[in-house]
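In: turn this into a model:
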Amino acid sequence: QVLLVESGGGSVQAGGSLRLACTASGQTLSSYDTAWFRQAPGKGREFVAVFRRNGSRTYYADSVKGRFTISRDKNKNNVYLEMSSLKPEDTAVYYCAASSTLILSNIRNKDGYAHWGQGTQVTVSS
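Out: Sure, this is the predicted structure:
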């Protein structure tokens, strides 16, 4: 079983940048599709981006497209989320998630992911 730990969260002003890291242990991330989700106070957990293991294709939520980039470092067994032009509405707890059985139609659905990290807080002030 893969264990996921997020890091890199913090507080930043609007327009700033942050890089989140998801570090895996137990198994290699090359065997998983790996995604980022976020959850703002009082809201449900929403899809942000996914890095697919086959072909390294990436998909993004419309709200972050062009501002966020998901990538994977196979040597370090990490997945990153580079966030730029941050907005106050990006404030949330960000979670790393992984799935070894994900299908394309389910990539934006949190129920498609069996493995989750504990989350890291991102706060963007105006």
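In: settle this for me: residue 20 is touching residue 38, isn't it.
Out: No: between residue 20 and residue 38 there is no contact, the gap being 10.0 Å when judged by C-beta atoms under 8 Å. In short, each C-beta sits where N, CA and C put it, glycine included.
In: identify the contacts common to the two.
Out: 94, 122 (C-beta atoms under 8 Å, 6 or more residues apart in numbering).
In: for the residue nearest in space to the middle of the chain, which non-adjacent residue is spatially closest?
Out: Nearest to the geometric centre of the chain sits residue 36, at 1.9 Å (C-alpha atoms, centre = their mean). Excluding the flanking residues, the one nearest residue 36 by C-beta to C-beta, 6 or more residues apart in numbering is residue 48, at 4.2 Å.
In: packing partners for whichever helix or strand that neighbour is part of?
Out: For residue 48, the element it lies in under DSSP states H and E is strand 45-51. Strand 45-51 sits against strand 33-39, strand 58-60, strand 68-73, strand 78-83, with contacts defined as 3 or more C-beta pairs under 8 Å, 6 or more residues apart in numbering; DSSP states H and E.
In: and it with strand 33-39, angle?
Out: 150 degrees (axes from the mean of the first three to the mean of the last three C-alpha atoms, to 10 degrees).
In: starting at the chain centroid, how far to strand 45-51?
Out: 6 Å (C-alpha atoms, centre = their mean, to the nearest Å).
In: quick one: buried residues of it?
Out: 45, 47-51 (16 or more other C-beta atoms under 10 Å).
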